[in-house]
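S.K.: Here is a sequence together with a model predicted from it:
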Amino acid sequence: MFGRHAHWARGGCRPGFGSWAGGRRFFGPGEVRLALLSLLADGPRHGYELMKMLAERSGGMYRASAGTIYPTLQQMEDEGMVAAEAQEGKRVYRITEDGRRELSREEDIVKRIWRRARMWNEWRAAFDPDVQEIVRPAERVMKAAFRAMAGASSSASHADKVREILERALRDLENLGGRD
């Protein structure tokens, strides 16, 4: 677990919980528009559908508000990035060629956005109220592993022992799975 997420910035901001809680937001400046363009690249959608897709992609960790999505869509329409038309009483948006060029220019940022969404999705269970009771013990295990590494000589065998303990705990927890 920690190896894949050793550097939170690779996927953007980390989800916060327990004493790890941070004040960072899911989207950085300009990222909402790129996420929307990315979703529209797969086909035309209405605003509510886009809001639902953003929530699904993040495992419910990010819930877009109408006050964020609709002004962003309007701005992108004004800029020629998207076009809108009424279909069955709903305003449906589609990406334009200008929007596709923007998406192509910002491809690395878009990949980072969806990588972050996948990472947040992986962490969604941490916010379940029943899970909160194990947050502190999990933090203590992490801190003990960090202390064991920081206070030791940097020998490969010592690191292997710490890794083995953590991997054994991970296997035990995964084997426990959804049992009651």
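M.R.: Perfect, I can see it now. Numbering: from 1, shown residues only.
S.K.: In the protein, mark out all the helices, start to finish.
M.R.: Taking DSSP state H as the criterion, the chain carries its helices at 31-40, 47-57, 66-78, 97-105, 107-123, 135-150, 156-176.
S.K.: count of neighbours near residue 121?
M.R.: When neighbours are counted by other Cβ atoms under 10 Å, residue 121 registers 17. For the C-beta atoms, the positions are set from N, CA and C on the backbone; glycine is no exception.
S.K.: and the residue nearest to it when sequence neighbours are not counted, backbone torsions?
M.R.: Spatially, and ignoring its direct neighbours in sequence, residue 121 is nearest to residue 59 (3.3 Å; Cβ to Cβ, 6 or more residues apart in numbering). Main-chain dihedrals, residue 59, degrees, to the nearest 10: phi 60, psi 30.
S.K.: Distance-wise, check residue 59 relative to residue 27.
M.R.: 15 Å (Cβ to Cβ, to the nearest Å).
S.K.: Next: residue 109.
M.R.: Distance from residue 109 to residue 27, by Cβ to Cβ: 11 Å.
S.K.: of those two, who's got more company?
M.R.: The neighbour count for residue 109 versus residue 27, taken as other Cβ under 10 Å, is higher for residue 27 (19 against 16).
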